[in-house]
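> Curious how this folds, go ahead:
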Amino acid sequence: MNRYFVLTMCTLFLVVIAGGCIDELVPVNKEDPTQDPSAYEFEVFLNNSYDAEGQFIPTHTFYLSKEVSAKVVSIVENESVIDIMPLEDLRTSRDGVVSNIVVLGDLSERTKATSGSLSAFSMKEEPYDINYTITEEVIRGQKHVFITFERPITGFVAYTVSKPLGHDFMYVTTPPSIVRFVLPPGYTTGNPLIGKVKPSPYMVFYDSSARENLVWKNELESTSLLNILGRNSLDGEKEPIPKLISVKFYTLNAPRDLGIAVFILGSFAFLVFSRYRAERKRLEQLRRNIEDNFILPKKKGKD
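The predicted model follows:
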């Protein structure tokens, strides 16, 4: 009887574990109740956010950190879906890839993405109350997290996204868009040896907090054969071509520290090599002396 009872309990335990594993494989459809606007900087950054015809271009600012998360503040107009492609590794959790979603804005039918309206939104203390869902989907092997609002909105959408541990960050753009990376205070990038950035940013500047800002313009591009050959497309249509932006940031003292480390290692290597050469010369001289002392007596004996 005890044997059957133990077998039944083990079976139930395996069913529960299997159910949990299966649940991790299906898309997630949930709501995130956490909303803390004080965690973000709602800055009206509109540099190149309008095209030649005056149409608004979505603008995304990534506030990077040394931790396993980055804070993102997007300025959108008439947008109902936010597509996020998180970067994960074995050290990042599968749960809570995107958290603390905050909306400071209004329904698109009631406002426009102007400097005045965005300034007013940035001063709000309470987030806009709008229903949304978070869903996950794997498209061509890449995980996507979709924030879907019940109605199109205009204004700020902020969220925190997990990232692999370290000082590397990558983002796949969704053109047309303006993308800005804000490095942590005391950090920089661009050194070809310890911190590359690809592609080269459209603009680099420092803000009032002495943080380095890097800005990219990701415009629509034509994919026609004539355009590739250097000719104008007949229809003039352009398509969104995503681009990968990658940056590796490091402390301002990192190049100096690297130089000191290289100097110390180089000096140590030079001392080792010098001692090796000196020891080799000494052994060669010792060998010659032994050979001379061994050969000369033989020659004298023959005479």
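> partner residues bridging Val197?
For Val197, the beta-bridge partners under DSSP bridges are Val247.
> Where does the residue lying closest to Asn191 once chain neighbours are set aside fall, secondary structure wise?
Spatial nearest neighbour of Asn191, chain neighbours left out: Pro255 (5.8 Å); criterion: C-beta to C-beta, 6 or more residues apart in numbering. No exception for glycine: its C-beta is placed from N, CA and C like everyone else's. According to DSSP states H and E, Pro255 maps onto helix 254-302.
> pLDDT of that helix, averaged?
Mean pLDDT, helix 254-302: 74.
> Then stretch 131-139?
Mean pLDDT, stretch 131-139: 92.
> Of all the residues in it, which ones are buried?
Buried residues in stretch 131-139, defined by neighbour count with 16 or more other C-beta atoms under 10 Å: 132, 134, 136.
> Can you tell me how far the last one is from Asn191?
With the distance defined as C-beta to C-beta, to the nearest Å, Glu136 ends up 36 Å from Asn191.
> May I ask you to name the longest strand in this protein?
Assignment by DSSP state E gives strand 142-162 as the longest strand of the chain.
> which residues are in contact with the following helix or strand past that strand?
Going down the chain from strand 142-162, the next helix or strand is strand 168-172, by DSSP H and E. Here strand 168-172 makes contact (C-beta atoms under 8 Å, 6 or more residues apart in numbering) with 62, 64, 70, 85, 87, 163, 179, 181, 242-249.
> so where's the stretch 101-250 of the chain uncertain?
For the stretch 101-250 of the chain, residues meeting the criterion pLDDT under 70 lie at 222-237.
> So what's the residue count around Glu284?
Burial of Glu284 is recorded as 10 neighbouring residues (other C-beta atoms under 10 Å).
> just Asn289 next, same as before
The burial count assigned to Asn289 is 10, neighbours taken as other C-beta under 10 Å.
> so how far is Leu64 from it?
66 Å.
> Mind listing the residues bridging to Tyr132?
As for beta bridges, Tyr132 partners with Phe149 under DSSP bridges.
> I figured it was touching Phe146, is that so?
No - the pair Tyr132 / Phe146 is not scored as a contact, 9.7 Å apart, by C-beta atoms under 8 Å.
> re the thing from before, ok, the residue nearest to Asn191 touching Thr189?
No - in this structure, Pro255 is not within contact of Thr189 by C-beta under 8 Å, at 11.3 Å.
> and Asn48, what does it touch?
By C-beta under 8 Å, 6+ apart, the contact list for Asn48 reads 57, 178, 202, 215, 217.
> quick one, phi/psi of Gly186?
Main-chain torsions, Gly186, degrees, to the nearest 10: phi 80, psi 10.
> What residues does it make contact with?
Residues near Gly186 by C-beta under 8 Å, 6+ apart: 251-252.
> Against Leu107, how distant is it?
Distance of Gly186 to Leu107, computed by C-beta to C-beta: 41 Å.
> Gly266 too?
Going from Gly266 to Leu107 by C-beta to C-beta gives 64 Å.
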